[in-house]
Structures are given as C-alpha cells and as structure tokens.
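I would like the atomic coordinates for the input below:
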Amino acid sequence: MNLPETSQHEERGGGMPQPGQTWRETVDSEIDQLGWRDATRVEQPGDDVSIYMIDTMPLEDQVFHPEGPATFSLSIFIDGSGTLSVDGAKPFPVQPATAVFFACDRVTRGENHIRAGQRLCVIDIRVERPLLEKLGGISLSRLGGAVITEHSLPDQDVFLIGFKAPPELIAVARSLLQCSFAEGMARRAYLYSKAIEALGIGLDAVIKQADGKPLKPLNEEELRRLNRAIALIENQYSSDWTIPRLSREVGLNERRLKEGFRMAIGNTVHGYLRSTRINAAATLLASGSSVTDAAYTVGFENLSHFSKAFREEKGVLPSQYRG
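Residues are numbered from 1 along each chain as shown. Okay, the predicted model is just below:
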C-alpha cells in the first residue's frame with residue numbers, strides 16, 4: 001500500500017534504544033511523538049498483560065519508525081489503514097478487521113504508515129514472557145514458526161504475522177474498548193480474561209489462515225529427530241554445526257530438518273545456532289568473562305563478527321553489555 005508523497009508527517013526516534021530500556025518506554029515515547037496521548041487509554045490488568053487502546057482521527061498521513069527491544073504483541077485494527085513493516089522485510093497492508101502478531105527477541109526497527117482522513121482504532125495487547133511460558137512455552141521466537149511470511153525475518157528472530165481478524169476477535173477487541181466496569185478487581189479480571197481470549201483466538205486464526213495451505217506436520221519419528229538436533233545445538237553450540245552435518249548426526253534429511261526448524265522453532269538452523277551462541281555469550285559476559293573469552297567460548301572465531309552479531313541480537317555491543 002503506497003501512501004501519497006504529499007502531506008506526510010514523519011516522526012523519527014532518537015536512535016538506538018538505551019541499554020535496559022523497556023518496550024513500554026519506547027511505545028510511550030512513540031505515542032507522545034505522534035501526538036496520540038489524549039487518544040490513548042492504557043490498561044494493565046496484570047503484571048504480565050498490558051493493553052493499549054488508540055482511537056483517533058489522523059489529520060495527515062503519518063510515517064514513523066518505531067524502534068525498540070524484545071516484545072510480543074497482538075494488534076487488532078477495528079478501523080484504520082496503512083502499512084506495518086520491519087526493516088528488511090515486505091510491508092504488511094493494514095485495513096479494518098485485520099490483526100498483527102509481532103514478536104522479536106532483540107532490538108528491532110521498522111517503518112509504519114498510517115493513512116489520514118479516516119478513523120484509526122486499534123487495540124494493542126502486550127504479553128510478557130512469563131505468561132507466554134505459562135501458556136505452554138510460547139517463546140518470542142516461536143510464534144511465526146508455522147506461518148513464516150515475507151513480512152518476517154526468521155533468521156533474526158523477528159516475526160510480523162498479519163492476518164484477517166475473525167469476527168470473534170473483533171468482538172473481543174470491541175469489548176475491551178467498551179469495558180464499563182469501574183476501576184477495581186472486577187475490571188482487571190474482565191480485561192485480563194478478554195486479553196487472554198484475544199490471544200487464543202488470534203493464534204488459532206493464524207494457523208488456520210496460513211496462506212490457505214494445510215501444514216504438513218512432522219511425524220513422531222521426525223519430531224524426535226528434530227528435538228535431538230535442537231538439543232545438539234543447545235548443548236554443543238560451540239561446534240561448527242552445518243546443515244549437512246546436523247542432518248547426518250540426527251538422521252533427518254536436510255529438507256525436513258530445515259522445515260522442522262521453521263515450523264517448531266520459527267527460525268533457520270543457522271539463525272537458531274547464532275541466537276543460542278549469543279545468549280550463551282551474554283550469560284558469560286554477565287558473569288564477568290571478557291569479550292574475547294566469551295566470543296571464543298561460544299564458537300565465534302572473529303571478534304568483529306561476534307560484536308556485530310551480538311549488537312544485532314541484543315541491541316548493544318558486548319563491551320557495553322558487560323558494563
């Protein structure tokens with residue numbers, strides 16, 4: 001969806017988020033920059049769920065560049081049109097009755113367009129990692145596993161999954177917007193339950209609408225072999241795992257190995273190996289290891305490559321992470 005070149009208003013953030021900055025700080029800053037504070041209601045019915053409700057009428061086309069740390073969200077557009085995108089992926093066209101799951105495990109930047117002259121009404125539900133794990137181990141990187149699209153960057157653990165919102169999801173979004181309970185336990189319980197309901201409906205809709213194509217799940221034996229491959233990477237991440245070598249090691253052909261990682265992990269083999277190494281390096285740095293020792297211990301032979309990969313994953317250089 002191309003927006004006209006004229007009458008666009010562009011808002012840019014102030015560069016990379018500061019170390020330790022939360023997704024909430026970046027979202028609140030973006031809302032203030034866009035001038036949407038008066039049109040935004042924020043509810044936090046629990047420590048692990050936050051709900052942003054935006055209802056406004058943009059007077060001119062908005063182009064802005066959100067940038068922030070790891071987050072997991074479901075955005076439901078009751079009204080409004082434009083595009084949402086992450087840098088390096090194809091924009092997703094937004095229109096009334098569409099919804100978007102967004103999940104990333106690192107600092108991510110994108111470009112969003114909002115068209116003027118029509119109401120923008122969106123419910124944005126943010127879910128914290130502890131709740132995702134409580135719901136069955138849904139990590140930020142696994143949401144898009146079964147529905148990798150051109151709007152996502154699976155190699156970088158960044159997923160933007162847009163889909164047509166079923167009527168029941170729109171109904172839940174409206175119920176959040178129109179909640180009439182007074183402040184207190186009843187209101188928090190109602191909003192919390194509706195947010196979880198929206199998450200469930202959305203996840204179910206994503207799987208059913210995956211390009212209209214039924215997924216070919218791994219059979220029991222393939223899944224066993226895939227789990228073995230995942231365990232090898234997680235336990236021997238310093239090894240030089242190539243797809244052919246990993247395929248031979250677990251007895252799963254290369255095509256199904258790659259498909260399995262995308263379906264179960266939401267990432268490529270190499271992407272998951274890199275992510276695992278960076279997470280292990282971060283743990284070493286936090287415990288006092290030097291940058292050089294951490295890099296070599298987890299399997300990086302080039303310090304420059306390690307620093308670049310670490311910053312892409314964590315948003316800061318390893319020396320800054322170490323503090």
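
report the next helix or strand after the strand or helix carrying Glu313 in sequence order.
In this structure, Glu313 sits in helix 303-314 according to DSSP states H and E. Counting by DSSP H and E, the next helix or strand C-terminal to helix 303-314 is helix 318-322.

need the residues that contact that following helix.
Here helix 318-322 makes contact (CB atoms under 8 Å, 6 or more residues apart in numbering) with 19, 281-282, 285-286, 289-291, 294-295, 306-307, 310-311, 314. Just so you know, the C-beta spots here come from the backbone N, C-alpha and C atoms, and that holds for glycine as well.

and if we set it to 6 Å?
Outside helix 318-322, the residues that touch it by CB atoms under 6 Å, 6 or more residues apart in numbering are Pro19, Leu285, Val291, Ser307, Phe310, Lys314.

how about stretch 63-80?
8, 10-13, 17, 23, 26, 30, 94, 96, 98-105, 107, 109-113, 119-127, 140, 165, 173, 199, 202.

state the distance from Lys308 to Gly110.
20 Å (CB to CB, to the nearest Å).

between the two, which is the more surrounded one?
More neighbours surround Gly110 than the other of Lys308 and Gly110, with 21 against 12 (other CB atoms under 10 Å).

need the pLDDT of that one.
Per-residue pLDDT puts Gly110 at 91.

thought it was touching Thr83?
No. Judged on CB atoms under 6 Å, Gly110 makes no contact with Thr83 at a distance of 9.9 Å.

is it true that Leu176 touches Lys194?
Yes. With contact defined as CB under 6 Å, Leu176 reaches Lys194; the gap is 5.3 Å.

in PyMOL, select just the buried ones from the contacts of helix 318-322.
Buried residues within those, by 16 or more other CB atoms under 10 Å, are selected in PyMOL with:
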select buried, resi 285+291+307+310+314
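
Ser50: how many residues sit nearby?
Taking other CB under 10 Å as the criterion, the count of residues near Ser50 is 20.

what strand or helix carries the nearest residue to Trp241 once chain neighbours are set aside?
Nearest non-adjacent residue to Trp241, counting by CB to CB, 6 or more residues apart in numbering: Leu273, 5.6 Å away. Element membership for Leu273, per DSSP H and E: helix 269-286.

quick check: mean pLDDT across that helix?
Confidence over helix 269-286 (mean pLDDT, whole number) is 91.

if you count contacts, what does it end up packed against?
helix 220-235, helix 291-298, helix 318-322 (3 or more CB pairs under 6 Å, 6 or more residues apart in numbering; DSSP states H and E).

any chance of the ones you listed in CSV, plus distance to Leu246 and mean pLDDT?
Supplementary listing: the helices and strands packed on helix 269-286 in CSV, determined by distance: least, CB to CB, whole Å; pLDDT from 0 to 100:
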stretch, distance to Leu246, mean pLDDT
helix 220-235, 5, 93
helix 291-298, 17, 95
helix 318-322, 26, 86
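
can you redo those helices as JSON lines with distance to Met53?
JSON lines is the format used below for the helices and strands packed on helix 269-286 (distance: least, CB to CB, whole Å):
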{"stretch": "helix 220-235", "distance to Met53": "38"}
{"stretch": "helix 291-298", "distance to Met53": "42"}
{"stretch": "helix 318-322", "distance to Met53": "35"}
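
so which of these comes closest to Lys134?
Closest to Lys134 of the helices and strands packed on helix 269-286, according to CB to CB: helix 220-235, at 21.4 Å.

please identify which of the helices and strands packed on helix 269-286 is closest to Glu150.
helix 220-235 (24.3 Å).

contacts for whichever helix or strand comes after that closest one?
Next helix or strand after helix 220-235 toward the C-terminus (DSSP H and E): helix 243-250. If you take CB under 6 Å, 6+ apart as the criterion, helix 243-250 is touched by Arg225, Arg228, Ala229, Glu254, Leu257, Val269.

surely the last one and Arg262 touch.
No. Look at Val269 against Arg262 with CB under 6 Å: they stay out of range, at 9.4 Å.

okay, these two: which has more neighbours?
A direct count of neighbours by other CB under 10 Å for Val269 and Arg262 places Val269 higher, at 23 against 19.

list the contacts of the more buried one.
Ile243, Phe261.

Ser247 versus that one, what's the distance?
On the measure of CB to CB, Val269 and Ser247 end up 9 Å apart.
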